[in-house]
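Q: Let me see the structure of the following:
(one chain, ligands or ions: 2)
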Amino acid sequence: MTSQTETRPFEAEVSQVLHLVTHSLYSHKDIFLRELVSNASDACDKLRFAALSDAALTAGDAELRIEIEYDKDARTLTIRDNGIGMTREEVIDNVGTIARSGTRKFLESLSGDARKDTQLIGQFGVGFYSAFIVADKVTLLTRKAGGNSADGVRWESTGSGQYTLEAADLAARGTSVTLHLKAGEEEFLDGWKLRELVKRYSDHVAFPIRLRAEDGDKPSGEFETVNHAVALWARPKADISDDDYRAFYKSLSHDFNEPLAWTHNRVEGAQSYTSLLYVPEKPPFDAVFSGRDERHGLKLYIRRVFIMDASEQLLPTYLRFVRGVVDSDDLPLNVSREILQENRLVAQIRSACVKRTLDLLDKLAKDEPEKFTQFTAAFGNVLKEGIAEDGANRERIAKLLRFASTQGEDANKTVSLDDYIARMAAGQEVIWYITADSWLAARNSPQIESLKARGIEVLLLGDRIDEWMIGYLHEYAGKKLRNAAKGELDAADGGDAQAREAAAQAAQPVLDRLKQSLGDAVDKVQVGHRLTESPACIVLGEYDMAPHMQRLLREAGHDVPASKPILEINPQHALVQRFAAETDAARSADLAQLLLEEAQLTAGDQLPDPSAFIARVNRIVLGA
Ligand code: ADP
Ligand code: MG
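A: Numbering: from 1, shown residues only. Ligands and ions are numbered 1, 2, ... in the order given. Sure thing, here's the model as predicted:
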């Protein structure tokens, strides 16, 4: 065996993370202990799982545990586990590289603004490197389970760009991480302090965490178990305090923030399982940046043994913000992802998880409206995906959605569909909405002018996902939903059919001239019931996509066939009347074109030739 020491550089990203962690996380320095204990616990979980198929792995030392020890004279703190351990390659891959693609995305998302980045990193969980917040040197000794004493590896780094690796003779499997504390970090060389931190952050860890007590009445050199060491979800609900639930959430999700709400249930019957589901307060890092295929946050246990992260199998995509644990009594321990996909028991657990989550959100909406508003701000748009994805729960999900409306003075003043229906005017048949690029654009859409003037509430859908989502929501509580920019607005909608007919007839010559002037650029020019203030607007066919959506899709490289717009005009408007009175051919062509372009702009469309538009406006303004 060579005892040669090899020095290797960290991957560039690791240095970046290290720098960030040590410089921006100081105010949260306690978390290093939680992170290292969580790694030790993961290592024990992994070994227990591996031992299911190879019992020899734990032979001789079957009681999995975590030990914390400190040495005041040497100024070191050691966290040790007898879990799975690592091979030399694994040490290089796991500790010397940023293996997780999520971490990369995190790095790419950094803004350079220390305050914001600290928040980000807090939501993300910094893992092993958090050791360098309080240590100026870290020594890791590890030996993979199943090997022999010669397989040990010693890794050491001062956290500045490089680390050393050498072979080490280790008598037992598992990993120990020794922190050489920085000057001023003596508080972590104190039994009371460590006990308090373990209680606070790691009480629920399902393996015993033993602290070598050195103070008070405990004789020195004796290990004492300081945590509950029972899986939190397996304890009777009556014994679990809200603080316990919160602490468990934090270590489960590596989130600094409190959970917004949780639901803990034990099901006994044809199959038995426990679920503990949390709704976070803010979008944790991964929900924001990782794609839909990289989900995690819901852990599957089988009879207390951690099996895998199974969010994708246990929750639909639109509930991907949920964090938690499912522990089944009935699934086979050797279950694979493939088996999970088609397992009948899993399908039942999944639909129960959906139901529990929707129940929880319902309750939050009813009992804690402020928290529910927070939820809507954080995850409302994710939940909207459920309208399209989960037909069976569509009505329930729709009930939970909140929309801005013409009754609210800003984008945050939202209403539910139930609120809307409750205050519908007598005779109003449908739920009106308009979609646009933004709240402001929706609010000022010319298409809703007459509805607004008549005091009819219109939902203002200004999020990107709305246009797609609303295509799946045709009806709610027996009321049809209608886009104010689409199709005919007729007498039944509160307008006066006769007056409209008369206006259309009177305006017929103007309509004909406009159509003639605009030619193929429009499908049709009409007088409608939408406008009271603007001269013109675009009206869509029942199945047309809104112009702002067409633009977005084109920008994303999609081939969207251009649909010809219907131009609705307001014969009372001065600009239309000016067009009607204009006798000069060139000026009348300019005015016609301007009416169309104004309508296109307010609909969130882009003008194909902005300079020509400007030139036209200038000619008209200057009376040229
Ligand atoms: P995470 O735990 O989120 O994967 P960390 O930075 O905390 O990220 O740890 C990185 C990796 O290092 C872990 O995924 C694991 O593979 C390895 N590791 C860290 N600590 C231990 C340990 N005590 N035993 C075995 N492997 C470990
Ligand atoms: Mg970790």
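
Q: Could you measure from the residue of the chain found nearest ligand 1 over to A40?
A: Ranked by Cβ to the nearest ligand atom, the top residue of the chain for proximity to ligand 1 is G127, at 2.3 Å. The way it works is simple: take the backbone N, C-alpha and C, and place the C-beta from them, glycine included. To A40, G127 is 12 Å away according to Cβ to Cβ, to the nearest Å.

Q: Flag every residue of the chain that's near ligand 1.
A: 35, 39-40, 42-43, 81, 83-84, 86, 94-95, 127-128, 175 (Cβ under 6 Å from any ligand atom).

Q: of those, buried ones?
A: 35, 39-40, 43, 81, 83-84, 86, 94-95, 127-128, 175 (16 or more other Cβ atoms under 10 Å).

Q: Angles on the backbone of N265, please.
A: phi -140, psi 140 (degrees, to the nearest 10).

Q: That one and T357 touch, don't they?
A: No: at 11.1 Å, N265 does not count as touching T357 under the criterion of Cβ atoms under 8 Å.

Q: So for those two, which residue has more residues nearby?
A: T357 (24 against 15; other Cβ atoms under 10 Å).

Q: can you pull the contacts of the closest residue in space to S534 that isn't next to it in sequence?
A: Nearest non-adjacent residue to S534, counting by Cβ to Cβ, 6 or more residues apart in numbering: P446, 3.7 Å away. P446 sits next to 530-531, 533-534, 536-537, 599, 602 when contact means Cβ atoms under 8 Å, 6 or more residues apart in numbering.

Q: host element of S517?
A: Per DSSP states H and E, S517 falls inside helix 497-518.

Q: Give me the contact list for the helix or strand just after that helix.
A: Per DSSP H and E, helix 497-518 leads on to strand 524-527 as the next helix or strand towards the C-terminus. Contacts with strand 524-527, where a contact means Cβ under 8 Å, 6+ apart, come from 500, 503-504, 507, 511, 514-515, 518, 539, 566-571.

Q: Farthest pair within the residues of the chain next to ligand 1?
A: E35 and I84 (17.3 Å; Cβ to Cβ).

Q: follow-up on the earlier one: name all residues that make contact with the residue of the chain closest to ligand 1.
A: So G127 contacts 35, 39 (Cβ under 8 Å, 6+ apart).

Q: Could you list the residues of this structure in contact with ligand 2?
A: For the chain, the residues in contact with ligand 2 (Cβ under 5 Å from the ion) are 39, 127.

Q: where are the low-confidence patches of the chain?
A: Along the chain, the parts satisfying pLDDT under 70 run over 1-3, 98-126, 214-220, 284-295, 490-497.

Q: Show the end-to-end separation of stretch 314-331, please.
A: 13 Å (Cα to Cα, to the nearest Å).

Q: List the buried residues for that stretch?
A: 314-316, 318-328, 331.

Q: Roughly how far does the residue of the chain closest to ligand 1 sit from G386?
A: From G127 across to G386, the span is 32 Å (Cβ to Cβ).

Q: now for the host helix or strand of F248, which elements pack on it?
A: Using DSSP H and E, F248 sits within helix 242-253. The contact analysis (3 or more Cβ pairs under 8 Å, 6 or more residues apart in numbering; DSSP states H and E) places helix 242-253 against helix 31-53, helix 191-202, strand 259-267, strand 273-280, strand 323-328.

Q: so what strands line up beside the shortest one?
A: To tie it back to what came earlier, the one meant is strand 323-328. Strand 323-328 sits in its sheet next to strand 273-280 (antiparallel), strand 298-302 (parallel), going by DSSP bridges.

Q: Show me the beta-bridge partners of the residue lying closest to L140 once chain neighbours are set aside.
A: Spatially, and ignoring its direct neighbours in sequence, L140 is nearest to W155 (4.3 Å; Cβ to Cβ, 6+ apart). Taking DSSP bridges as the rule, W155 bridges to L140, L165.

Q: tally of neighbours for W155?
A: So W155, with other Cβ under 10 Å, has 23 neighbours.

Q: same deal with A624?
A: Neighbour tally, A624, other Cβ under 10 Å: 10.

Q: Q498 too?
A: 9.

Q: do the same with R210
A: 20.

Q: Which residues are in contact with the residue nearest to it when sequence neighbours are not counted?
A: Excluding the flanking residues, the one nearest R210 by Cβ to Cβ, 6+ apart is F223, at 4.0 Å. Listed by Cβ under 8 Å, 6+ apart, the contact set of F223 reads 67, 210-213.
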